[in-house]
Structure formats: structure tokens, C-alpha cells
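# no FASTA, just this:
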């Protein structure tokens, strides 16, 4: 069975600092990769996704993520965070299992950005 | 609002009682997922439907849990003989599975408290 590890459970930054959140998965087959974000009091929403092609994907609000297949990683980055980026961030993997794609989420990283 | 909706938003019940939650997906989406999320964890997959067919169930899903999607539109999740360990946020998500692009749209969740 696949698993997803998010190594940073809590991150605290000041505005304008750079951000990198780690995500590693364990599955050797075909995967689709996602980052979701949950702002305080709101639903989970998609930040960005990778299916194939360019391993560097860009999402909303200046976020990007790089898929490194050899490292089974899909780290999320942003060069300069804002106070409004304060949220919970979840990495997720859809790994094919018997013809279907079963989604697995990491436990999340809580990001607090101080103004 | 044409997003995913869930009802009720909050449910408090006594141990041993049955509860039922409803999810209305985005109308053109043919896939519907149920997740459970506890504090400090990411969403945990429970089950999903493609149209009215229930295609996958998590091995973690107890026999006390049952889900239906009778007409391929809304879905219900029932928990029988609730236990305190069932206290969690129950999330519903929907997607369109015409290709591998299983981008999921989440609802606000139903928070269950078992006393």
C-alpha cells in the first residue's frame, strides 16, 4: 500500500521568507500527485497537481512543486510567503491499485506566517 | 453555490445511536468519495463511487459503516451503533473521471461528535 510522508508538521515563517514543504511517497507505480490547501474555516482546495510532462508544476498564488521521481518526492515551494498563506497544506497521491486510483493524503503541514 | 455540499454540518449523538450524513456532489461529476479526518491528520479514504457503483472500500471501514449512491447523484454515509472513536470530520469530495485527471473538489464536511 502506498503512503505519503510530510516531514514538516508545523512551520512558522515571517512574511517574505521562502517556503519549502517536503512530501515523499512510497509507491513504485504510476502516480498522480497533488497539493491541497485548507485556509482557516474553509474547504480543502486544490493548489496544484502533477500527472505527466514537465516535473516542475505551477499552481495558484505563486506556489510551485517539483516532482523528482528518483527521490519519490513532490516538494512544495514558494519564494516569498504572505500572511494570507497561513493554512494547512496536504500532499496527496493517487496511486493505481487494481485499475482504480485510490487517493492517499499526508498528515498535513500547518503553516503560520507572521506579518 | 455549485460546489459540493454536505448535511448536516455538525452532528452530536450518543454512543450506540445511528447517524446518516448526506453529500451532494457537483452535478456533472461522476465520482464521489468519502473521507474521515481526525485532528492533526490528513483525510483518510473510506470509499468511493463511480456513478451508482461503489468501486472501492477501505479495509479500515468497519461493518458499521455503509454508503450508498442510489441514483448516481447524492450519497449517504450511515454509521450504525456509533462509538466514541467515530468522532471525526467526515468529508465528501467529487470529481470527473473521464481521464486520469481525478482532481477532487471537497465539501465543508460533517463534524461528528459521539458522547
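Arrived safely. Given the structure is predicted, the values throughout are model-derived calculations rather than measurements.
# for residue A:61, which three-state class applies?
Following DSSP: H, G, I helix; E, B strand; the rest coil, we place residue A:61 in the helix state.
# hmm, it is touching residue A:85, no?
Yes - in terms of C-beta atoms under 8 Å, residue A:61 counts as a neighbour of residue A:85; the distance is 7.2 Å. All C-beta atoms are positioned from the backbone trio N, CA, C, and that covers glycine.
# now the residue in chain B positioned nearest to chain A: phi and psi?
Closest residue of chain B to chain A, C-beta to the nearest C-beta: residue B:42 (3.3 Å). Main-chain torsions, residue B:42, degrees, to the nearest 10: phi -80, psi 170.
# how about it: what's its closest non-neighbour residue?
With sequence-adjacent residues excluded and distances taken as C-beta to C-beta, 6 or more residues apart in numbering or on different chains, residue B:42 is closest to residue A:105, at 3.3 Å.
# pLDDT at the one you found, what is it?
pLDDT, residue A:105: 93.
# quick one: neighbours of it, just the number.
The tally of other residues near residue A:105 (other C-beta atoms under 10 Å in any protein chain shown) stands at 21.
# now do the one 5 residues further on
When counting by other C-beta under 10 Å, one arrives at 15 neighbours for residue A:110.
# again with the one 5 residues further on
By the other C-beta under 10 Å criterion, the neighbourhood of residue A:115 contains 8 residues.
# pull up the gap between the residue in chain A positioned nearest to chain B and residue A:15, please.
Proximity to chain B, evaluated over chain A using C-beta to the nearest C-beta, is greatest for residue A:105 at 3.3 Å. Separation of residue A:105 from residue A:15 (C-beta to C-beta, to the nearest Å) stands at 28 Å.
# what kind of secondary structure is residue B:59 in?
coil.
# what residues are up against it?
For residue B:59, no contacting residues are found, by C-beta atoms under 8 Å, 6 or more residues apart in numbering or on different chains.
# on that earlier part again, so what's the residue nearest to residue B:42 up against?
Contacts of residue A:105 by C-beta under 8 Å, 6+ apart are A:4, A:36, A:90-92, B:35, B:42-45.
# and of those, the nearest to residue B:6?
Checking the contacts of residue A:105 against residue B:6 with C-beta to C-beta, the nearest one is residue B:35 at 11.3 Å.
# and the closest one, how many neighbours?
As a burial measure, residue B:35 scores 24 neighbours (other C-beta under 10 Å).
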